[in-house]
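**Q** Below is the structure, and that's it, no one-letter string:
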């Protein structure tokens with residue numbers, strides 16, 4: 001389970017740094033070695049990958065249509081914030097049959113769907129879904145023999161949404177879920193001849209070029225390894241390595257698409273935010289700024305991507321039969337940090353950097369150290385190495401436009417209305 005905001009902040013406050021140098025070197029690389037069979041997995045990483053990893057500069061070209069269009073859709077991560085909304089979007093499009101792989105079984109899925117969409121809708125939806133109890137980190141996905149037989153020969157398409165999204169935790173934990181878990185789904189897709197649609201993150205773009213931190217760069221849908229600092233954040237690293245595995249498997253016949261999701265916030269429909277906001281890094285940073293009552297002037301006009309979770313899920317479904325390999329599911333217009341705070345916490349002051357630093361240092365000497373830790377990290381990183389890489393979603397939004405899908409422009413007040421209740425509890 002994801003830790004509370006306090007637990008995550010404790011990691012930062014106790015001195016954990018994502019770029020401490022303690023993160024292990026990359027474990028996977030470009031190679032043509034075949035994936036292990038279920039009987040031999042998980043193979044030692046040192047045996048699967050060469051010692052000096054090389055990653056492709058660009059994502060590979062699309063491997064074409066999935067082997068068969070008819071069959072079952074398997075969804076991982078269906079109890080999560082994005083996964084729940086993807087289930088709803090697929091059902092509303094008449095997709096099916098659908099099977100959800102859930103660690104907690106049918107009751108866990110019903111609870112999640114009820115929380116997001118209400119008991120009535122959830123009860124109707126659960127009758128349209130086959131639920132298989134399993135765990136993506138286990139051999140054979142932890143499936144019972146009955147469920148494995150049920151999926152065998154039926155699975156046509158896999159939406160892999162399951163992930164550990166914590167930015168402040170041990171690298172080994174994230175690697176087990178996000179990287180090794182994805183390898184298990186790749187194996188299943190290859191065995192079944194199924195397509196794999198992987199939910200990645202736009203954060204793999206990095207913040208700056210490792211060898212030229214003062215140079216600007218644009219990260220497009222075609223890009224993968226442009227020299228960005230992907231290994232400095234343990235979460236970003238785990239998702240980057242998972243993408244690398246998918247591109248390698250595409251050379252072995254995997255039919256795959258990668259959807260790099262932006263900063264997910266509340267629904268466009270009503271602003272409802274995720275059930276467990278304490279695992280959301282943006283939420284933690286905003287909460288810290290509101291607790292402090294101030295943000296630095298130098299960052300006030302920083303553009304922030306706010307991606308409505310329901311629009312994002314609907315866009316993924318719309319793009320699922322499109323031709324490209326990778327897509328950037330981010331809002332076409334960024335919103336300044338100043339406007340965001342004015343929308344949900346107008347009492348927050350924008351201070352000169354020196355005054356802000358003094359205020360932050362004084363607050364850290366009080367009892368707010370854990371709550372403020374994410375803001376400290378954000379502030380320190382921004383001063384040391386400002387963001388120089390911008391994410392382009394031009395090709396994605398052009399593809400959506402051609403499909404007749406228009407991305408709305410909701411106000412930050414609506415998208416972040418779900419943030420305010422937990423903030424009020426803290427304050």
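**A** Received, thanks. Just so it is clear, the model here is predicted, and its values are computed rather than measured.
**Q** Go ahead and name everything in contact with stretch 395-406.
**A** 220-222, 314-315, 318-319, 322, 324, 327-330, 332, 407 (C-beta atoms under 8 Å, 6 or more residues apart in numbering). Any C-beta I mention is one placed from the backbone N, CA and C, and that applies to glycine too.
**Q** pLDDT-wise, what's the bottom of those?
**A** Among these, residue 322 carries the weakest pLDDT, at 91.
**Q** Give me the nearest residue to it, chain neighbours excluded.
**A** In space, residue 322 comes closest to residue 399 once its chain neighbours are excluded; the distance is 5.5 Å by C-beta to C-beta, 6 or more residues apart in numbering.
**Q** before we move on, what SS does that neighbour have?
**A** Three-state assignment for residue 399 (DSSP: H, G, I helix; E, B strand; the rest coil): helix.
**Q** what pLDDT does it get?
**A** Note on residue 399: pLDDT of 97.
**Q** sorry, back to before: buried ones among the contacts of stretch 395-406?
**A** With burial judged by 16 or more other C-beta atoms under 10 Å, the buried subset of those is 220, 221, 314, 315, 318, 319, 324, 327, 328, 329, 330, 407.
**Q** Same list (those) but as a markdown table, adding distance to residue 193 and secondary structure.
**A** Shown next, in a markdown table, are the buried ones among the contacts of stretch 395-406 (distance: C-beta to C-beta, whole Å; DSSP: H, G, I helix; E, B strand; the rest coil):
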| residue | distance to residue 193 | secondary structure |
| --- | --- | --- |
| 220 | 30 | coil |
| 221 | 26 | coil |
| 314 | 27 | helix |
| 315 | 26 | helix |
| 318 | 24 | helix |
| 319 | 21 | helix |
| 324 | 21 | coil |
| 327 | 23 | strand |
| 328 | 28 | strand |
| 329 | 26 | strand |
| 330 | 32 | coil |
| 407 | 33 | coil |
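**Q** from those residues, which two are the most distant?
**A** For these, the maximum inter-member distance is 22.7 Å, found between 220 and 314 (C-beta to C-beta).
**Q** does residue 216 really touch residue 388, like I thought?
**A** Yes. Between residue 216 and residue 388 a contact is recorded at 5.1 Å, counting by C-beta atoms under 8 Å.
**Q** Neighbour count: the two, which is higher?
**A** Set residue 216 next to residue 388 and count neighbours by other C-beta atoms under 10 Å: residue 388 wins out with 17 against 11.
**Q** okay, that one: pLDDT?
**A** For residue 388, the model assigns a pLDDT of 96.
**Q** need the contact list for it.
**A** Residue 388 touches 207, 208, 209, 213, 214, 215, 216, 217, counting by C-beta under 8 Å, 6+ apart.
**Q** So what would you say the end-to-end distance of stretch 58-72 is?
**A** 31 Å (C-alpha to C-alpha, to the nearest Å).
**Q** How about the residue most central in space within the chain: what's its closest non-neighbour residue?
**A** In the chain, the C-alpha nearest the mean C-alpha coordinate belongs to residue 201, at 4.5 Å (C-alpha atoms, centre = their mean). Distances taken as C-beta to C-beta, 6+ apart put residue 239 closest to residue 201, at 5.0 Å, once the chain neighbours are dropped.
**Q** Wait, the one you found touches residue 165, no?
**A** No. In terms of C-beta under 8 Å, residue 239 does not count as a neighbour of residue 165; the distance is 9.3 Å.
**Q** quick one, which of those two is more surrounded?
**A** Set residue 239 next to residue 165 and count neighbours by other C-beta under 10 Å: residue 239 wins out with 27 against 23.
**Q** Could you check how far the more buried one is from residue 233?
**A** In this view, residue 239 and residue 233 are 9 Å apart by C-beta to C-beta, to the nearest Å.
**Q** and for the two, which residues touch both?
**A** Shared between the contact lists of residue 239 and residue 233 (criterion: C-beta under 8 Å, 6+ apart) are residues residue 203.
**Q** Mind checking what helix or strand follows the helix or strand bottoming out on mean pLDDT in the chain in sequence?
**A** Least confident helix or strand of the chain, by mean pLDDT, DSSP states H and E, is helix 45-48 with a mean of 40. Next helix or strand after helix 45-48 toward the C-terminus (DSSP states H and E): strand 72-76.
**Q** which residues sit against that following strand?
**A** Outside of strand 72-76, the residues within contact range by C-beta under 8 Å, 6+ apart are 83, 86-87, 90, 95-101, 130, 136, 151, 154-162, 185, 188, 194.
**Q** at 6 Å what do you get?
**A** Strand 72-76 is contacted by residues 95, 97-101, 136, 154-155, 157-162 when judged by C-beta atoms under 6 Å, 6 or more residues apart in numbering.
**Q** of those residues, buried ones?
**A** Among the contacts of strand 72-76, those that count as buried by neighbour count (16+ other C-beta under 10 Å) are 95, 98-101, 136, 154-155, 157-162.
**Q** Closest one of those residues to residue 350?
**A** residue 161 (36.7 Å).
**Q** Which residue is the nearest non-sequential neighbour of the closest one?
**A** Closest to residue 161 by C-beta to C-beta, 6+ apart is residue 77, at 3.3 Å.
**Q** Please apply the same query to residue 171.
**A** Ranked by C-beta to C-beta, 6+ apart and with sequence neighbours excluded, the top spatial neighbour of residue 171 is residue 234, at 4.5 Å.
**Q** quick one: the one you found and residue 127, what's the gap?
**A** Noted for residue 234: a distance of 40 Å to residue 127, by C-beta to C-beta.
**Q** Of those two, give the one with the bigger neighbour count.
**A** Neighbours were counted for residue 234 and for residue 127 using other C-beta under 10 Å; residue 234 has more, 26 against 6.
**Q** measure the more buried one to residue 223 for me?
**A** 22 Å.
**Q** Show residues contacting stretch 348-364.
**A** If you take C-beta under 6 Å, 6+ apart as the criterion, stretch 348-364 is touched by 290, 292, 293, 294, 295, 296, 297, 298, 300, 341, 372.
**Q** Return the subset of those residues lying in strands.
**A** 294, 295, 296 (DSSP state E).
**Q** Output these as CSV; include the columns pLDDT, neighbour count and distance to residue 365.
**A** Shown next, in CSV, are the ones in strands among the contacts of stretch 348-364 (pLDDT from 0 to 100; neighbours: other C-beta atoms under 10 Å; distance: C-beta to C-beta, whole Å):
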residue, pLDDT, neighbour count, distance to residue 365
294, 97, 20, 16
295, 96, 27, 20
296, 97, 24, 19
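**Q** How many neighbouring residues does residue 265 have?
**A** Neighbours around residue 265, by other C-beta under 10 Å: 30.
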